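J.: Build the 3D model from these lines:
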Amino acid sequence: MSEEIKISIFEVVGSPLCVASGDGQKVYDRLKVALEADREIFLSFHNVTTLTSAFLNAAVGQLYGPFSEEKIRSSLKVVDAEQDDLRLLKRVVDNAKRYFNDPERFNQVFQEIMEDEDDEV
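T.: Predicted coordinates for the structure are as follows:
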């Protein structure tokens, strides 16, 4: 693995409020480039005051599509995060791993749920 890089979520987003998936996409884009370059990444949550699963799904969850769990686990280190934020991140990562393990099944179940809701209206 080559040199390390620190990605500050606060600096990428420009705000302590990390709630929008569009802002999460900005973080994802940087993480993806660093992972492709085989860099060791320190993802800093310093100064982040508000965090949502929508943001984390975009920023971190979608990494589990193009990258293996082993690659992410060995390259990405989370720093400066509060315990509540770590719990939310774990939930997002667990869901992303389940989804990317069998996306067709998740999409099928989602479609069935949507059809059931249409029938009820």
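J.: C-alpha from now on. contacts and neighbour counts both.
T.: Will do.
J.: how much space between the residue nearest to the spatial centre of the chain and residue 82?
T.: Central residue of the chain (CA atoms, centre = their mean): residue 60, 1.7 Å from the mean position. The gap separating residue 60 from residue 82 is 16 Å, by CA to CA, to the nearest Å.
J.: can you check residue 17 too?
T.: Applying CA to CA to residue 17 and residue 82 gives a distance of 14 Å.
J.: of these two, who's got more company?
T.: Between residue 17 and residue 82, counting by other CA atoms under 10 Å, residue 17 is the more crowded of the two (17 against 12).
J.: who's the more buried one bridged to?
T.: For residue 17, the beta-bridge partners are residue 50 (DSSP bridges).
J.: could you list every residue that touches it?
T.: With contact taken as CA atoms under 8 Å, 6 or more residues apart in numbering, residue 17 is in contact with 48-51.
J.: which residues in the protein form helices?
T.: 9-13, 21-36, 53-59, 69-75, 83-101, 103-120 (DSSP state H).
J.: tell me the most buried of those?
T.: helix 53-59 (a mean of 22; mean count of other CA atoms under 10 Å).
J.: Centre of the chain to that helix, how far?
T.: Centroid displacement of helix 53-59 relative to its chain, using CA atoms, centre = their mean, to the nearest Å, is 5 Å.
J.: so what secondary structure elements neighbour it?
T.: helix 21-36, helix 83-101 (3 or more CA pairs under 8 Å, 6 or more residues apart in numbering; DSSP states H and E).
J.: Right, I'll call it a day here.
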